[in-house]
Structure formats: C-alpha cells, structure tokens
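Student: this one's structure only:
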DNA sequence: ATGAAAGCGCTAACAG
DNA sequence: CTGTTAGCGCTTTCAT
C-alpha cells in the first residue's frame, strides 16, 4: 500500500499527471495510456491517498455528525438516513457520539474542524457559551437536525415541536381526558424540552383544564427515566392518578407503560399512554404505542441535502428553518373515556 | 479559518517550527515564544490542519468501522462502546453503515483505505470473493467484532456463538421443553447464523430430541422477520405448535412474541420465547424477555483495545480470537413445563 | 532554544 | 493529448 502515484507513473512509463488524469476519470487520455496505467495500478495494488488529495483540493468530502446518543432509536434512525443520503452524494461521515456530554461535544467540534470536514450536522440542542462561540466563528456550514438552532440565522431541519405537542395534547383532550400527565425532556433543551412542554401547557390552557403540578415531571428522554417519573406519579396516591400520560419521547413512554404494567394496572384500560417520535420501539411493544410521528428518514435525508446545498454554496437559501410535517399515529395505547 | 501555520509564525514573529512545537506541546520552548504563539493563535482563530499533519506523519488517528445496520440495537450499542473507547485512545471513527449490502461494504472498504485509516473494525460476517481479497491484501490491521473472521489467521473479538446457542437450548430442555422452535439468522452468516443453528441442533441431538423441520425457520435478525416466521409456524395447525421459540436475535424474538400475542395466545403460558443478545429491547417488552446475554460494552471496548494494540504493533498477539463470556438472562418469557 | 528547508502524495496550471 | 512543476499545510531532520 506504500505505492505512490509516482511509482505507478514509473511503472506505466508515463507522467504522474497522466496517472492523476486516469484516477480522476478525465477525458483526453489515449486508450494506450489508460491501459498501461490501469495495469500498473493493479500490479502495484495502488490506492490513492485521500489525505494528499484533500490537502491539495482543500475539500475532504467528509461531514461531521454530532449525535447526542447513538443507542437512542430515534437518533440512530436519523443517523442511518443521513448516512444513506451522504453515501449517495459521495460524503463520508465522522460520527461523534457525545453521550450528552458538553465537554465531549466541544472537543469533537474542534476535532472535526481540524479534520477540515466540509460541513457539520448537530443533532443536539443543549449548548453552552463555548459551543455557541465555536458555532459563531466556524468557517464551515453547520446545520441543526431535529433541533432548532440555538443561534438566530443558522440552519435547521426539524418538525414543529410546539405544534406537535399541542396537537398531541388536544388529541388526548378530544378523547375525553382531562387528567393528563406530562413526562418532559430537559427544559434546558429548547426544542424538545421546552417547546413540547409549552405545547402541552397551551393545549390544556385552551381547553380550560387546570394545571396539576403533580402530573408534570422532567427526565432525560430515556426509558429508565420514564419509568422513574411514572413511579413517582403512581405513588402519589390512587385518587390522584392521571387517566393518560403523554411522554416527550417513545422511550420514556415505554418506560412509563412498563411501570404501569408492573404496578398491575392495565394500558389503556386504567391509564392511557402516548409517546413522541414514532421510533421502532413504539411498534415493538404491546399494547402498540399511540405516538406522535416524526418523519425520521425524511428529516435525515433533508438535513443532508440541505447541508450539501450549503456546502456547494448555492446562494443564501430562502428559509433557514425547514419544518417537516408531524402526524399522530393512533394505535392501541390510548383509549377514549 | 484560512490561517495557516505560517500566518501564526509571522504574527508571532517566530519560525513555523516554533509554532509547530507549541502545537505539539514539545518542551524546549521558552515561555516568551510560547506566549506569543498562543496569542497569535487566538488572534487568528487558528485551527491546525489534521489533513496536512496526517500527510506528513502518515497516520490519521482514525478508525473505520463497518456496521451491518445502524438501526439495530445490538449494533448501535457495540458501536457506541467502540466510540467511547476510541475517544479515550484519541481515535476518530468513520462509520460505514452498509445496510446489509455487499457492494456498499466493498466500496466503503476502499474508501477507508484511501482515507488511510489506521485500522478497520468489521462487524459484518457475510462476505464475497472481492471482500476476501481486499482483506487479504490490506495493509492496515483489520479486526472482526462480534463475528468470526472469515479468513484464518485474522483477529476477532466475540462470544462463542455455538456454545451460547447450545447452552440456551439446553436451558430450555432443562425447563422441560421438547418442542423447541428455532428462528435462525442467515445460514450464510457463518457466525451468528450457522454456529447458533449448529448449537441448537447439537443440544437437541444430545438430549435425543428428534428434529422437527416445521419448527425451523431462517430470517434476517429483524423484528419483522421474526413475526413472519412465527406466523408461518403458528398457521401450521394447533396440534403441531412448539412450546417454546428460541430466536437467534432479540429483535426476532420480540417479533415472534408479538405475533404470538396478536394471535391471542399468552407468553409464556401458551408459548415461551427466548431471545439472543440481551439488547435494550429485551428489557423494554412485557413479558420481559429471557435471553442469551452478549456483553456488548465489553465486546466493543475489547475490540477497540485489541485493534489499538495491532496498530501500535506490539508484536504478534498470542491469541487471534478473543472470546468473551456469555450468560443466560432468566426473565419472564420462558416457563417451566 | 530556535530556524531553514526538505518533503509527505497529490492536483492543476502551464507549456508543449 | 502529455509532461513539468509549483504548491496544499504541516513535521522533522539538521544546523546554528
């Protein structure tokens, strides 16, 4: 593998330029040279160095993706769909799993910058000063996927979390529920956390349903967190139980549902459960989960395509935020009362 | 970001060598120079180019990971644990999601080779001639994770799939089951597919239980596949039903379980279900799944550390295959009969 | 302790 | 249609 372009050129008895031309599929090369070069490449088992090429071309065809948590179904679906499109467009992905750790995120941001990626996709919302200032001074395009940009004037691809939560809550109200518990994400997380909570609040408000603080909890989007919050709610006393639980993620909804089931109660007969995301786990559990659908594959694909346009610099795009449609998946975990 | 090391040097009034030394934390630099250089770096918002550095050093601190399917819980857990260790050791990851597509795998293999990654981890078993020949002639270390190397003399980190399947089947036999259905993976997949099937066969054989071909099906490890296979088995007629189903993955087990449940049967009262992997989904469903535990995080960490040793070339390792221990997770989906 | 200069492997003018 | 050559941005001898 230590063969360089020069070795190929010598072996084929041509100039390095000709080899380079063959490598890059340019025209204006005689069949004769083409054959000899290909022959030499094969004989030497030559593999061109993307490093050297990147240095020269000042382009790496690589994109950095900052993922909050790889083991999260929703994240990995988005990532997989980003990967699929990236592959089509000829980009490679540097995956940065920050495991909800801001120090790690900052470190990775610098790393991908040093690797001179052509662009960055961030799927994480919670940021601090250092990250904000990095984003402000970064020279490559940065796109936020599934979360809203923390900085005005940046780009993002996501659903309208506020509307989605509002729609979901109104759907539950329409089913006759008035004692609606809410299992939220992190409030510092402006998109999923705050917006979804606000949607819940406003829906209740519009219907004149008074807020019950005992029915509101905040977790970290994971299953275990949903289970814990549900347990607290259930242990508050039987008279005070909600008739439905709306969780800001499917994982938390499943955790809550299992907690209810493990308490010996039934879903949805005793308590209904509604999730958010429509990730694979929503269809894997029984009763199959009623949830708010996020178009994961479209979000991933659109993110990549948008970033690609930014990289190619096709002028300033008209809209900086692209909202994709959400919809309710009516399934078996919510009943009319 | 277009500042180069030369700009920093000029700004600081020193040579590029000195800047390079500061960048690489070498000693033998005066405090005076160090201060001036750091100052200049800050003023210019300078970020060193990993590209140029890699070209010079002939090392990228990057590892390519070939993943069969990102949306698979088990895979993403392994990947996340590889990432965690990689981050500790200072490696970055190029993630290649091949979506079970051999052409894509080959393409990615060439890509990471051209990117001059320091090593490759492959989590996929099914290969063809072209891939085999790539592996044979590759100059960087290649490690197989969670699958056995298709080539003798290569390196792998995994559990003993044969023993695990044998142990699992014997456990079910010990519970009193004799009508044991098997939902396998792809037989071409030597590790998970073939070895697990062989373990099942041998366990039955050792106990003198005759084989029932109607109880054996092969799928693709995914949930939907498990559901379909189970449906076929269930529709064969009531008298012929198995008392337990052993699936070669948790996803298939969950698919099978849901099929059973959707048929109006109970798990484990009517039919028991056993999975394989102990991925997150095993604990997310009800009844909580009895399954064969694979130490996912240890597998990921060990893989990375092993590859790191190979990259650093600490002589030939004694063993080329590292087997990690498996164990049965007795939970609620299998009953004694 | 500091600097000058020679590449790392490739592409892209430019010249022929 | 083909070849010569000057960098891309950095590290690293080798001097000083």
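Tutor: Received, thanks. Since the model is a prediction, treat every value here as computed from it, not as a measurement.
Student: ok, the nearest residue to residue A:105 once chain neighbours are set aside - how many residues close by?
Tutor: In this structure, residue A:105 finds its nearest non-sequential neighbour in residue A:98, 4.3 Å apart by CB to CB, 6 or more residues apart in numbering or on different chains. All C-beta spots, glycine's among them, are computed from the backbone N, C-alpha and C. If you count neighbours by other CB atoms under 10 Å in any protein chain shown, residue A:98 ends up with 24.
Student: quick check: residue A:98 touching residue A:66?
Tutor: Yes - between residue A:98 and residue A:66 there is a contact at 6.1 Å, judged by CB atoms under 8 Å.
Student: any common contacting residues for the two?
Tutor: By the contact definition CB atoms under 8 Å, 6 or more residues apart in numbering or on different chains, residue A:98 and residue A:66 are jointly contacted by A:105, A:108, A:124.
Student: quick one: name the residues of chain A near DNA strand D.
Tutor: With the criterion set to CB under 7 Å from any atom of the strand, chain A comes near DNA strand D through A:14-18, A:21, A:27-30, A:32-33, A:52, A:55-56, A:58.
Student: need the max-distance pair from the residues you listed.
Tutor: A:32 and A:58 (33.0 Å; CB to CB).
Student: how about residue A:156, what does it touch?
Tutor: A:143, A:144, A:145, A:147, A:148, A:149, A:320, A:321, A:322.
Student: where in the stretch 151-300 of chain A is pLDDT low?
Tutor: A:238 (pLDDT under 70).
Student: kindly report the residues of it close to DNA strand C.
Tutor: Counting by CB under 7 Å from any atom of the strand, no residue of the stretch 151-300 of chain A is near DNA strand C.
Student: just the closest residue of the stretch 101-250 of chain A to DNA strand C, please.
Tutor: The stretch 101-250 of chain A approaches DNA strand C most closely through residue A:116 (13.2 Å), counting by CB to the nearest atom of the strand.
Student: now for that residue, how many residues are close by?
Tutor: The burial count for residue A:116: 21, using other CB under 10 Å.
Student: any idea which element it lies in?
Tutor: Residue A:116 belongs to no helix or strand when elements are defined using DSSP states H and E.
Student: which residues touch the closest residue to residue A:113 other than its chain neighbours?
Tutor: Counting by CB to CB, 6+ apart, residue A:113 lies nearest to residue B:47, which is 5.2 Å off, once chain neighbours are set aside. By CB under 8 Å, 6+ apart, the residues touching residue B:47 are A:110, A:113, A:114, B:1, B:3.
Student: so of these, which ones are in helices?
Tutor: Among the contacts of residue B:47, the members found in helices (DSSP state H) are A:110, A:113, A:114.
Student: list only those of those residues flagged as buried.
Tutor: residue A:113 (16 or more other CB atoms under 10 Å in any protein chain shown).
Student: okay, the ones in helices among the contacts of residue B:47 in a markdown table with pLDDT next?
Tutor: Below are those laid out as a markdown table (pLDDT from 0 to 100):
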| residue | pLDDT |
| --- | --- |
| A:110 | 96 |
| A:113 | 96 |
| A:114 | 96 |
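Student: wait, residue A:99 sits on residue A:71?
Tutor: No - between residue A:99 and residue A:71 there is no contact under CB under 8 Å: 9.1 Å.
Student: all helices for the stretch 51-200 of chain A, in order.
Tutor: A:73-89, A:102-114, A:129-137, A:161-174, A:196-206 (DSSP state H, counting those that start in this stretch).
Student: sorry, that was for the stretch 201-337 of chain A
Tutor: Using DSSP H, counting those that start in this stretch, helices in the stretch 201-337 of chain A cover A:223-234, A:250-262, A:280-284, A:296-312.
Student: residue A:221: neighbour count?
Tutor: Count around residue A:221 with other CB under 10 Å applied: 28.
Student: got a list of what it touches?
Tutor: Residue A:221 neighbours (CB under 8 Å, 6+ apart): A:72, A:185, A:186, A:192, A:248, A:249, A:251, A:252.
Student: quick check: closest non-adjacent residue to the fourth one.
Tutor: If I follow you right, that is residue A:192. Closest to residue A:192 by CB to CB, 6+ apart is residue A:185, at 4.8 Å.
Student: so how far is residue A:244 from the one you found?
Tutor: Noted for residue A:185: a distance of 18 Å to residue A:244, by CB to CB, to the nearest Å.
Student: neighbour-wise, which of residue A:99 and residue A:71 wins?
Tutor: Set side by side, residue A:99 and residue A:71 show more neighbours around residue A:71, with 20 against 16, by other CB under 10 Å.
Student: what pairs with the residue lying closest to residue A:327 once chain neighbours are set aside across the strands?
Tutor: Excluding the flanking residues, the one nearest residue A:327 by CB to CB, 6+ apart is residue A:293, at 4.9 Å. Here residue A:293 sits in beta bridges with residue A:277, residue A:327, going by DSSP bridges.
Student: quick check: end-to-end length of stretch A:259-274?
Tutor: One end of stretch A:259-274 to the other measures 14 Å (CA to CA, to the nearest Å).
Student: tell me the contacts of residue A:177?
Tutor: Here residue A:177 is in contact with A:243, A:244, A:272, A:337 (CB under 8 Å, 6+ apart).
Student: that's all I had, so thanks and see you.
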